[in-house]
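# coords please:
(one chain, ligands or ions: 1)
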Amino acid sequence: MNYGPNAAGKYAQKLRINLLEAHGVDIILCPPFLALKPVFDAVVDSPMKVGAQNMHEAESGAFTGEISGSMLKDLGIDYVILGHSERRHVFGESDERINLKIKRSLQVGLKPIFCVGETLDERNSGETNKVIQRQLSKGLEGIDAEQLKSIIIAYEPVWAIGTGLTATPDQAVEVHQEIRKMVHDLYSPVSADDMSILYGGSVKPENAEGLLRNEDIDGVLVGGASLKLDQFTGIVHAALKVA
Ligand code: PGA
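Numbers count the residues shown, from 1 in each chain. Modelled structure (predicted):
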């Protein structure tokens, strides 16, 4: 919940200019709902894509204040973040509800960026893999291998989001490999190989390259650092170096 339509639109215009030469990386901007249109207009006909941060699972109906996947699609949006830890922990979204949202997003032609991750307590009690296994298997219930191709997974340890604590590349790689193994077991080796798995949690220009150098880390989901033009640009440059 940072940047309204005016600020976000201006930001995206400047970012577009900053990144005119940025070929070879995929960039998806996911501003708040009200800023989607100005950001979409600012990056239209550029390689940058736009995503929302959430959506409701119903097609339409009496859900005052909510936004549906078809409305996002109507605007020209391609992606939607689902299951972000703040949606889970602050707004009480369950694995089951996230699964409904993922299914609906696919049905209307959006590509979900599906977030999973453990809390510090869960990590400290050795439950990281168990928690992620549960989030993944419930979140992907009823989704077939063809639909899976439209999904990006983001591993976001809750203890690293907005805290300044980043998982070390080794910690992130360990979980990314586990996630790939889970996708392998739930689907197939091909699905596991093809899956894009992003890391999120206090990603900055200084640590982005170290994370992205690992072949199991396919990209990053950036929160706080994306609000500063120079920092986000720095992260894209780190990705370009690795790409
Ligand atoms: P952060 O946020 O980069 O500020 O830790 C990540 C996120 O919100 O997903």
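# Spell out which helix or strand contains the nearest residue to residue 129 once chain neighbours are set aside, please.
Setting aside the residues directly before and after it, residue 129 is nearest to residue 178 in space (CB to CB, 6 or more residues apart in numbering), at 5.4 Å. Every residue, glycine included, has its C-beta placed from N, CA and C. Residue 178 belongs to helix 169-186 when assigned by DSSP states H and E.
# Provide a list of residues in contact with the closest residue to residue 187 other than its chain neighbours.
Spatial nearest neighbour of residue 187, excluding adjacent residues (CB to CB, 6+ apart): residue 145 at 5.1 Å. Shown in contact with residue 145 (CB atoms under 8 Å, 6 or more residues apart in numbering): 187, 188, 191.
# near the ligand, anything from the longest strand along the chain?
As assigned by DSSP state E, the longest strand anywhere in the chain is strand 111-116. No. Strand 111-116 stays clear of the ligand (CB under 6 Å from any ligand atom), getting no nearer than 7.1 Å.
# Partner strands of that strand and their direction?
Here strand 111-116 is paired, per DSSP bridges, with strand 79-82 (parallel), strand 152-155 (parallel).
# And the contacts of it?
Contacts of strand 111-116 (CB under 8 Å, 6+ apart): 28, 30, 51, 78-85, 98, 101-102, 105-106, 132, 135-136, 139-140, 150-156, 179, 198, 200, 221.
# coming back round to it: and the contacts of residue 145 as TSV, adding neighbour count, distance to residue 124 and pLDDT?
Shown next, in TSV, are those (neighbours: other CB atoms under 10 Å; distance: CB to CB, whole Å; pLDDT from 0 to 100):
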residue	neighbour count	distance to residue 124	pLDDT
187	17	30	98
188	13	33	98
191	18	31	98
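# and of the residues you listed, the nearest to residue 23?
Using CB to CB, residue 191 is the member of the contacts of residue 145 that lies nearest residue 23, at 27.8 Å.
# Report the contact partners of that closest one.
Applying CB under 8 Å, 6+ apart, the residues contacting residue 191 are 145, 148, 149, 183, 184.
# Give me the helix or strand of this structure that scores worst on average pLDDT.
helix 120-124 (a mean of 94; mean pLDDT, DSSP states H and E).
# tell me how far the helix or strand just after that helix is from the chain's mean position?
Downstream of helix 120-124, the first helix or strand assigned by DSSP H and E is helix 128-139. Computed by CA atoms, centre = their mean, to the nearest Å, the chain-centroid distance of helix 128-139 equals 17 Å.
# Could you check how sure the model is about the next helix or strand after helix 128-139, as an average pLDDT?
Reading on from helix 128-139 to the C-terminus, the next helix or strand found by DSSP H and E is helix 145-148. Regarding helix 145-148, the rounded mean pLDDT is 98.
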